[in-house]
Each structure stands twice: as C-alpha cells, then as structure tokens.
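Engineer: Quick one, fold the following:
(2 chains, ligands or ions: 2)
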Number of protein chains: 2
Amino acid sequence: ILAAGGYASASSSLQEAASNPAQWVMPTGDYANQRYSKLDKINKDNVGSMVPAWTFSTGVLRGHEGNPLVVGDTMYVHTPFPNIVYALDLNNDGVIKWRYEPKQDPNVIPVMCCDTVNRGVAYAPGEGDTPPMIILHQADTSVVALNADTGEQIWSVQNGDPSKGETGTAAPMVVKDKVYVGISGGEFGVRGSLTAYNLSDGKQAWRAYSTGPDDEMLMDPEKTMSLGKPVGKDSSLNTWEGDQWQIGGGTTWGWFAYDPDLNLVYYGTGNPSTWNPSQRPGDNKWSMTIMARDADTGMAKWVYQMTPHDEWDFDGVNEMILADIPVNGEDRKALVHFDRNGFAYTLDRETGELLVAKKYDPAVNWATEVVMDKNSDQYGRPQVVAEYSTEQNGEDVNTTGICPAALGTKDQQPASFSPKTGLFYVPTNHVCMDYEPFRVAYTAGQPYVGATLSMYPAPNSHGGMGNFIAWDAGTGEIKWSLPEQFSVWSGALATAGDVVFYGTLEGYLKAVDAQTGDELYSFKTPSGIIGNVMTYENQGKQYVGILSGIGGWAGIGLAAGLTDPNAGLGAVGGYAALSNYTALGGQLTVFTVP
Amino acid sequence: ILAAGGYASASSSLQEAASNPAQWVMPTGDYANQRYSKLDKINKDNVGSMVPAWTFSTGVLRGHEGNPLVVGDTMYVHTPFPNIVYALDLNNDGVIKWRYEPKQDPNVIPVMCCDTVNRGVAYAPGEGDTPPMIILHQADTSVVALNADTGEQIWSVQNGDPSKGETGTAAPMVVKDKVYVGISGGEFGVRGSLTAYNLSDGKQAWRAYSTGPDDEMLMDPEKTMSLGKPVGKDSSLNTWEGDQWQIGGGTTWGWFAYDPDLNLVYYGTGNPSTWNPSQRPGDNKWSMTIMARDADTGMAKWVYQMTPHDEWDFDGVNEMILADIPVNGEDRKALVHFDRNGFAYTLDRETGELLVAKKYDPAVNWATEVVMDKNSDQYGRPQVVAEYSTEQNGEDVNTTGICPAALGTKDQQPASFSPKTGLFYVPTNHVCMDYEPFRVAYTAGQPYVGATLSMYPAPNSHGGMGNFIAWDAGTGEIKWSLPEQFSVWSGALATAGDVVFYGTLEGYLKAVDAQTGDELYSFKTPSGIIGNVMTYENQGKQYVGILSGIGGWAGIGLAAGLTDPNAGLGAVGGYAALSNYTALGGQLTVFTVP
Ligand SMILES: O=C(O)c1cc(C(=O)O)c2c(n1)C(=O)C(=O)c1cc(C(=O)O)[nH]c1-2
Ligand SMILES: O=C(O)c1cc(C(=O)O)c2c(n1)C(=O)C(=O)c1cc(C(=O)O)[nH]c1-2
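Structural biologist: Ligands and ions are numbered 1, 2, ... in the order given. Take a look at the predicted model:
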C-alpha cells in the first residue's frame, strides 16, 4: 500500500517518458494528443526506401484500433476482444516476454455497437512499492492493472455492466495518481461518464456523468463555464424531458487529453440516445460536448456543446488536440477538435472560448455555419438546414443526402499536429447518408437506436469515401486534400522528418510530404488499417509501427460478416466494396529504413 | 458435357503451364514434386536485400499449410477450415478478384487429428467447353470445382463421411482428365484410399483402397510388384487379423507425384490404426507403403512397405520426389522419399527397386538399418531395436527415448530438389518420444489412437527440435545440416539462383546458400510458418511467397488452445515454448528484391 501522494509525480514521470521520442508511452503519444514525433531518421528524403523490418500476428481477427506502446526495449500490443496484451522484446524481433489474456463473457460482443475494438492500453511508471503498470480497459468494462514487467494482474475493477449495454473500447489515460476510463454504449441508452481510479489500488476516485444532476456531473452551476457564462443550475436536467437523461447517452469512448500546466483533462461526450430526435426534446446536455475538467477533482471547468439536440448521431467524442498556435494573428493556447459533425473547432483551452468553427469537408451540408457572434442568441450553435433536419422532417420520413453520414467527417481516427509545419493532418470520411428515424422503446441491454441509415460516397465529388487533409486551425482552412477511395479510418502520425503517415482501409500504409501531401511511400499491409501509426527508436534505428485488422464501424460488414446494406447501423452498404480489397486480420507491421 | 477424351491433353497443358517458371500451377510446383524454380532474378548474390513487397491476410486463424498457386496474373490462395479460396490480382497488390467460402459443418473440426489444415488447391487448365478450374478439397471431404475466372462452382462431390472421421486436408492433383484426392482419418480408423474423379463432371473414375481385397485395392496379384516380386493373392488381407483392415488406416493425406513418361502416379499410405500395435498383429499391408499406380486405371504397378507393422505412428505419406540422379555411379530414374520413420529412401521409380535407405538424422534409433541384401528374408525391412519396440515392450508400458517421435524425422513439410546442385533440401524434425500403447475400442467417428505420447528435443544434440539439411540421395549422406530451435514444418524451395528458402515455426522466412547452407536472409513474418515457399514472376520481377499461420501437428497447442503436455497426440508439451515466439495468424507475405 502506497502512502497517500505516493504517485504525486507519476504524471510528470510519464510526461518525461513521453518526451523521450525513442518511446511511445501513451496511446495518444503525448498528453497533448499531437501524435507528433521528434524522430527524423526516417524523413521525407529516405522514407521512399522504407521496408518492413518485422511483423507480428496478434492471433485475433476483427478491427484493430489504437497502437502499441513502446517503453524502453519493450513493446506492448493490445488486441480487440478478447483483449490480449503482449509484451514484445524489441531487441529480438518481437519475442513474446509475456502475454495476458483475460477471460471475458463473449456475450459482450453483441452489445458493442461498432465492432469489438479496443483503442489501447495505458502505461503507468512505477513509483515506490508499485511496479510500472499496463492498464487494460476490457470490452466487458473491467479495468485491469498488470505488472508491466511480468504481466501479472495487480488489481482489477469493474467500470460498468455489459448486461445493460455498457462496454469498454476507449484507451485509458494515466495522470498523476489516477487513471481515467470512459464508457461506451450510446446505442444502448447508456449514461456516459468519465471515471478516475486510483493507480495504487484501483479504487474509484470520482465519476463525472455527462448528463443528470449537477453533483453527479461534477459541475458547479456558478463556476463551470460555457461560452463565457456559468452553466447555471440543472444545466443538463433542464434540457431533457423527464428522466430521459438516465438513458440519454453522452458516452465517453474517445480519446483524452491533458494539459499539465492548466491541470485540465479534456474529452468529448457522445450522441444523445436514441437516434430518433423526436423522442427526446431539448438540447440534451451535455451530450455532444467538449469537457474540460480539473484533473484531480473531476470538477468541470468549462464545457461546450457542439451539436445541441443531435439529429444525426454526430458523437462529440473525437480527440482534443492541444497546441499553441496563432489564431487570427494571436498566439493562443488552443484546443483543436475535428468533430463528427463536420466542423473543426479551435477553442481557447483555458477558458473554452470559441475561436474558429469551420467545415473541414466542403461536402458538409446539414448546417450552414456555427454562429460566432457573441451577442447572438445562437452564439456557438450550428445553423441547421431544414432540408437535412431529421427532426423537422419527422419520424418515419427518410431524410436523404445528409452530409456527413452518421460516422461523421471524422470518427475515432485521430488526427496529428506538426509543430514544425503548424498544420493538422486529418484522416476524414467523405460520406453522406439517408436517415429515417423511428420510435423505439428502451429495454436495458437492447439496441436503443431508432433510425435506419444508408451511406454512400459524397455525391458530385471524386467518388471516394475519404480524404486525408492538412488543416490550418488558426484560419480554418484546408491546405491540401488527398482523395481516398475509402474513409481514412486510421490515426495519423507527423514527424520531425517532415513526413506524415496514415493507413487506409484497403490496408496501405502511406507516407506523404508534410508540406505538400505528395505521396512518398506506400505498402500494402496484410489487412485494412484502422489502427494509428506510431514511431519509436531502438538501438539507434527509427521504426514506424502500424496495426492492421479491418473492422471498426466502417469495416463492420467484413468484421461481423454482415451483408444487408442497412446493417451495421447503416455502414455495411457504403463500405461493401472493401471486401474486394482486404480480409480480416490482426497484424503489427514494423517498418524501418535499412 | 465433354466428348470422351476431351481432356486427353489436360495434363500436358498443365505440365506445359508448370514448365513456365513465371507460374506456380500445382501445389507441388511440378509433377515431380521437386519444388524447384528456374527463376534466378532473386539469387544468392542479391537475396540479402530482399524485402516484403505486399502482404495479404486470409481472414482465418490456425495452421496455414501449402502455398498459393499462380496462373498468369492471378494468385489463388486457400485457407484452413473454413477453406476459403481467394483469387488475387497480381497486377494490383493482390486485389481480390473473387472469393469462395464454402459452408461447412464445424463438427468436422474435432475429427481433424492435426489442426484444421488444408494443403492447397489444384488448377486444371480449361479444355473445350470446360473453363479453367480450381479444385478445392474441403475439410468435410467435399471436392469442389470452381471456375478459375469467376469462382463459380461447377461441380461438387463428396469424397468421404466426416461423421466417421473421414476428413480432407491433402491437396488434389490434376492429371489428364482426372483429379486425384486423398483422405485423412488414420486416427479414427478410416480406411485409406486414393480416388480419381473426372474433371469434366466430378464423377468418380476409380478408387484404390490401401487395404483389403485385391480388387478394392486395384492390385493384380501377379502384376503388381513389391521389391521385384509379385505381391501375390490377398497381399493385404493376409497381413491383418479378421476384418481389422476395414478400420486399419493407411490414409492418403500427403502429396502426390506423377511421371508423364511412365504414366505412373506415386504417393504414400499412412499408419495402420490403432497406434497400439498389439491390437493388430501382422504386417498391416498396405499401410506405410509407397504406391506406384497407373494414372489412368489406378492399377498398382509396384508397392513398397517401409514400416511393416508400425509401432510408432510413422505414417508413410511424405512426398515422393522424382529426380533423375546418379545412384552408385549409375544414372537412375529415381524416386526419393524422406519417410517419417527417419530413413530416406531412393528407389527406381519404374520398377520399385530399392537403391538406398539411410537415416537422414543420426538421432534415429528405433531401427538399426534397412536390409539391402536381396537374398535376405529381411530384404527391404527395417531392423527394429527391441528396446524401442512398443510392441515388444507391450501394452501399458511406456517405451522411452524413441527417435524420431511420432511426427517423424519429417512430416508433411515437403523437401525440394535442385537439379543444379543435385541435392535435396529437407526440413526435418529432431524430436524423440515416449510412447505408451493401450487397448482401445473402435467407435465410428471417435479417436482410435490407443497410445499416450510425450515429445522432446533429441537428447545429446544441439537442444533444438529441428534441422534443415541438404541430402545426397545417391549416396544417402547429409551434406550439411542447419540446427533449428523448432522443427522445420515448412516446405522448402530451391531455385536456379542457388538459393534455398524455408520457413520456421517462429515465423522466420530464411534463405540459405544452396551449396553451403550459409544463411543469406531472414525475415520475421507475422506468424509461425508451416506453409511451403513458392516463387513466381510478374511483370518482369521475381517474387517469393509464403503463408504464415502457426498450427499443424507441431503447432496444435497454439492452434487449438491446448496446454496439457500429452494433448494433441503428444505434441503440446514438446512445442510449448512456441508460444513465446508467435501467435495465431493467417497471412501471405510476398517478397522481392527492389
Ligand atoms: O455511442 C457510443 O457509446 C459509441 C461507442 C463506440 C465505440 O465504443 O466503439 C462508437 C460509437 N458510439 C460511434 O458512434 C461510432 O461512430 C463508432 C465508431 C467506432 C469504431 O471503433 O470504428 N466506434 C464507435
Ligand atoms: O492418419 C491420418 O489420416 C493423418 C492425417 C493428417 C492430416 O490430415 O493432417 C495428419 C496425420 N495423420 C499425421 O499423422 C500427422 O503427423 C500429421 C501432421 C499434420 C499436419 O498438418 O501438421 N497432419 C497430419
């Protein structure tokens, strides 16, 4: 048992570990979610001669999201359900040091909305008597701390109840003496929350719900701010009919960020449940919201709801990238967020002030703009186009041609930021949809969706379903855009070598010039890529690692063997052609320049 | 419907196709089973700079045996159960042209003795109205002809009955207007047979059993020869007690070879059932036998039983390699066979004359020699060492230290032959065993094994479980031997580039110098390799392809999730350390020199 405060410096030692570019110690690379590496041995001049150095099959099929960690000479690789963790010896072509395979009830699989994905494990440096740990967030919501050296289980705690549709897919984040864990299940009426557990013993430190009474949301009516004003009393309860907030979604299955100077943790909340907007009048706060919380107490410092009263399943969970960049000529401590709804937001991450909100795909049509006039009663709100309002068109009416589709202009696939170029590199979807809401009754553990969807490439465009873009978050402009046949469901990596990496659903790992977007390298990995590119150095050589394994929402047809075009919450039809390019898998490919 | 004889030239056109080194049109590379390629763009001088060119995940886990075919610009990739077949476009990084997935009852899995393996599909060139076809031999013994251009099923025929333990793992072979199909199930008392089906319509042309009455074996008591003498009447029935031959094994799950000049097809038969020798007195003919049959009629021309009255499960199915080589100074039309029992046999393939029989691993101890004196009543018989006779030691006695183990000095992993060096390159096991027979009753569809085994590396040697050797079949000598930590369960490839390729159970693809055995290249593929290396040329570039996917008998612990050391017919304990090196997978890696 650790003395209180024994972990006081854990986050700083983790941050220190993250600042060594030879390692990759957090799922997101660093607390700022930049997914940027200072390594430059692989660079735009030599990346064309990059080759696979070694490979590793995870022994698991279906969607492989996230990326391995590298701590010292050890790589930690996780898998989708059943959530195996491998510790691989980097000095020895990935020989397996240890392997942890939890026993999980497979009944959790049917309550995972978007494949059996898992976005990665977290690393906690050792401190005092507590050894370094790997924290695994299982599909069944168990949070397990493993000894990083041996794989032995140190503690385990249950974060939710899969029989109610609560599942785990998000990567945990370690800050100081705590680990943050999100929850999935917006399509099952799960009430979202962020929970902090003590690293020392797995005890719950606090839980902050996305909806409900102020105290359960850890919101202070006076001190929690939204667009410059206190949120006021019952800010969530006021925006729901009756106790709908209890089954109102706002889940927290995306990425977390942390600013050590401000001691704030950032994340987004998901869609309100059900997908039939007529069933839940009101703004449905604080679904679809960027949250900034005190990292120690969980108290909300500021919040911003991007899509009040969602009518399209535009989950707000996408990552928050923290970057100090010029905005309208002024250096700002910015938070940049590429939302599912097709707007890219730049906010002041200290105050939550909205600085920029611009479409990052010209196809976006459900709203004309986000109002930036602080004096308008619409300030900060998207202006919905009636034609694409599934609420206004009503239940049992098929609203057609909405862009983006429910999986957004971007989904879980994280963007990266290069401080060298000042640009954000964003894997995007270029997909539109038809959406027909219908009335649905809530039954615990049963789908609570209430809409039939179909998806297709954005019309009158290049015919593909994705773009990989470079974005200037200070001005809200696309610098360049690379068309892709399918959505880019892989996380990007930018490096000091002026190279940006990403993967494609067909399975290509690509490297492009950070300035121009010119393709410098491409390799067909075994299966479609929905993992995130990472890099590390070992024995003086730089390596680039990527998980292949088609799946996730975009690949659900292949992953779950579905063929009805409307199945998989509407994604199967749109991505049907994927089966011409790739098959299921689960592999790590590690590249280097010889 | 084809006119009779419509296929008269099919084998010659297949042979012609095989003679084009850009293609790989038979599982075995050519009818002679040499697994030799005339391609030399990848050669001993540049193979060190070989790199993966593209990769493909099959979407299936467990043991991936065999190798893809290449016909023109198309590659055909098969998988273990459920036996998917993919046609990949070689001009386009393996884009999927078509995909065939049979629906099979998974109840076949538990009656597959040694993992859910499949050793490959056969190709039949089109002729007349019949399109080019891919012949798939499924686990459930269905033999299916697919249109090679579209994947559409043309015909399907059932070769056996899985409810009796009859399964399919062997690759079919196409000769003229027929396709030959073997059967598995020696561990279930299945009576082995070779069956020829008409390519035109899938109708059975003939079936030749390994045991039983002469007419069912397609043997002529006067004309079928064994070691220079007619086999005589009831040659099989005489060597079994009662009707034990009906459940007596002699299955045919290995590779087939064909000599177009002699019009003979060659293959070996498996172990007699049960593994408890005391239960089946007699020589148990014609289990454990090399068969030479007329390719048109199936009539046996000559036979040679290598291990009469097997006491160790030394299945005789390993491939027959046809090569014209000097033996004792004289040029011979030889057949070379590396048997499970640890002896490498060189015979005259026209007459069945025994020319050489020598141990190809010095560890082999169960027999001192094979008697070569034609005048001896022991001519052609191995001289069993009493200490290692599980029959003489008796039921319920654990005979220890037998070398090789039941999986032999070599199992299904095929060797290759280089006409350039005159050497055979043999992936071997270096494993010994304890073997305790016990009485067992026959029940259809239930294991009929009757022995408990444990396996371990050959004692007093290099500590590893395998060697990769070069063998002179004219003299019966090992030229060089490369120790390996695990058995080499992968098939070898020799090329005109003076390189020999093989894979390891850890997952390494290795290239060695054909003359010296010096290692020239090594790459860690995603999963352990039990597939066979093949090569082809596309658009002027040579490629080397290998399937990864740990499994087979050696990898059954990983493949089936077994941990009891005696499980998996004794293989689990011996190969337990494999789990430190690799995990399940199913990937094709295609290499080239940039
Ligand atoms: O509302 C939720 O709780 C929830 C959970 C998840 C998840 O945990 O994977 C996804 C979504 N929603 C979702 O809307 C979505 O688009 C999505 C995509 C993916 C994926 O991994 O590809 N997961 C999820
Ligand atoms: O007796 C039989 O019918 C039979 C079948 C098979 C098979 O079909 O895979 C094997 C064996 N026996 C066998 O003895 C054996 O060593 C073996 C190894 C393997 C393999 O694929 O690794 N299969 C088999």
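Engineer: where does chain A come near ligand 1, residue by residue?
Structural biologist: Within chain A, the positions near ligand 1 by Cβ under 6 Å from any ligand atom are A:65, A:113-115, A:117, A:169, A:184-187, A:251, A:253, A:270-271, A:313, A:315, A:407, A:411-412, A:552-553. Heads up, the C-betas are built off the backbone N, CA and C, glycines and all.
Engineer: Out of these, which sit inside strands?
Structural biologist: Here DSSP state E is the test, and those give A:E65 as lying in strands.
Engineer: who's in contact with A:P132?
Structural biologist: By Cβ atoms under 8 Å, 6 or more residues apart in numbering or on different chains, A:P132 lies in contact with A:71, A:123-126, A:147-149.
Engineer: Please report the number of neighbouring residues for whatever residue of the stretch 301-450 of chain A ends up closest to ligand 1.
Structural biologist: Taking Cβ to the nearest ligand atom as the measure, the stretch 301-450 of chain A has A:D315 as its residue closest to ligand 1, at 4.4 Å. Applying other Cβ atoms under 10 Å in any protein chain shown, we find 29 residues neighbouring A:D315.
Engineer: Might one say that it is in contact with A:G408?
Structural biologist: Yes. Taking contacts as Cβ atoms under 8 Å, A:D315 lies within contact range of A:G408: 7.2 Å.
Engineer: Common neighbours of those two, please.
Structural biologist: The contact sets of A:D315 and A:G408 overlap at A:R340 (Cβ under 8 Å, 6+ apart).
Engineer: quick one: low-confidence parts of chain A?
Structural biologist: A:1-11 (pLDDT under 70).
Engineer: those helices in it, which residues are they?
Structural biologist: Along chain A, the segments classed as helices by DSSP state H run A:10-19, A:214-217, A:390-393, A:556-560, A:571-574.
Engineer: which helices and strands does the longest one pack with?
Structural biologist: Contacting helix A:10-19 under the criterion 3 or more Cβ pairs under 8 Å, 6 or more residues apart in numbering or on different chains; DSSP states H and E are the following elements: strand A:122-124, strand A:173-175.
Engineer: As TSV, those with distance to ligand 2 and mean neighbour count would be great.
Structural biologist: Shown next, in TSV, are the helices and strands packed on helix A:10-19 (distance: least, Cβ to the nearest ligand atom, whole Å; neighbours: other Cβ atoms under 10 Å in any protein chain shown):
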stretch	distance to ligand 2	mean neighbour count
strand A:122-124	39	27
strand A:173-175	44	25
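Engineer: closest to chain B out of those?
Structural biologist: Chain B sits nearest to strand A:122-124 of all the helices and strands packed on helix A:10-19, at 21.3 Å, using Cβ to the nearest Cβ.
Engineer: residues in contact with that closest one?
Structural biologist: Under Cβ under 8 Å, 6+ apart, the answer for strand A:122-124 is A:10, A:14, A:17, A:25-27, A:69, A:71, A:76, A:132-135, A:145, A:148, A:171-174, A:179, A:199.
Engineer: Give me the sheet partners of that strand and which way each runs.
Structural biologist: If you go by DSSP bridges, strand A:122-124 pairs up with strand A:133-137 (antiparallel).
Engineer: and the partner strand, how far out from the chain's middle?
Structural biologist: Chain-centre distance of strand A:133-137: 18 Å, with Cα atoms, centre = their mean, to the nearest Å.
Engineer: Kindly report the same for stretch A:485-504.
Structural biologist: Relative to the centre of its chain, stretch A:485-504 is centred 15 Å away, using Cα atoms, centre = their mean.
Engineer: mind checking the end-to-end distance for that stretch?
Structural biologist: Terminal residues of stretch A:485-504 lie 9 Å apart, using Cα to Cα, to the nearest Å.
Engineer: and what of stretch A:364-373?
Structural biologist: One end of stretch A:364-373 to the other measures 21 Å (Cα to Cα).
Engineer: which residues are in contact with that stretch?
Structural biologist: Identification of contacts with stretch A:364-373 by Cβ under 8 Å, 6+ apart yields A:306, A:312, A:341-343, A:345, A:354, A:357, A:378-385, A:388-389, A:401-404, A:409, A:432.
Engineer: Show the backbone phi and psi for the closest residue to chain B within the stretch 251-400 of chain A.
Structural biologist: Nearest residue of the stretch 251-400 of chain A to chain B, counting by Cβ to the nearest Cβ: A:W253, 25.9 Å away. Main-chain torsions, A:W253, degrees, to the nearest 10: phi -100, psi 10.
Engineer: got a list of what the residue in the stretch 101-250 of chain A that ligand 1 sits nearest to touches?
Structural biologist: Of all residues in the stretch 101-250 of chain A, A:G186 sits closest to ligand 1, at 2.2 Å by Cβ to the nearest ligand atom. Residues in contact with A:G186 (Cβ under 8 Å, 6+ apart) are A:113, A:192, A:249-251, A:253, A:270-273, A:315.
Engineer: ok, it to B:W489 distance?
Structural biologist: Distance, A:G186 to B:W489, using Cβ to Cβ, to the nearest Å: 47 Å.
Engineer: Check A:F338 too.
Structural biologist: Per Cβ to Cβ, A:F338 is found 48 Å from B:W489.
Engineer: Tabulate the helices and strands packed on helix A:10-19 (JSON lines), appending distance to B:K97.
Structural biologist: Output for the helices and strands packed on helix A:10-19, formatted as JSON lines (distance: least, Cβ to Cβ, whole Å):
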{"stretch": "strand A:122-124", "distance to B:K97": "43"}
{"stretch": "strand A:173-175", "distance to B:K97": "44"}
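Engineer: start to end distance for stretch A:299-311?
Structural biologist: Terminal residues of stretch A:299-311 are spaced 29 Å apart (Cα to Cα).
Engineer: neighbours of A:T443, just the number please.
Structural biologist: Neighbours around A:T443, by other Cβ under 10 Å: 11.
Engineer: any idea how far A:G189 is from it?
Structural biologist: Using Cβ to Cβ, A:T443 is found at 9 Å from A:G189.
Engineer: try A:G491
Structural biologist: A:G491 sits at a distance of 29 Å from A:G189 (criterion: Cβ to Cβ).
Engineer: how about the strands in the stretch 151-300 of chain A?
Structural biologist: Secondary structure of the stretch 151-300 of chain A by DSSP state E, counting those that start in this stretch: the strands cover A:153-158, A:173-175, A:178-181, A:193-198, A:204-209, A:225-226, A:229-230, A:257-259, A:264-268, A:289-294, A:300-305.
Engineer: Identify whichever of those lies nearest to B:Y448.
Structural biologist: Distance to B:Y448, taken as Cβ to Cβ, is lowest for strand A:153-158 among those, at 42.1 Å.
Engineer: For that closest one, list every residue counted as buried.
Structural biologist: In terms of neighbour count (16 or more other Cβ atoms under 10 Å in any protein chain shown), strand A:153-158 has its buried residues at A:154-155, A:157.
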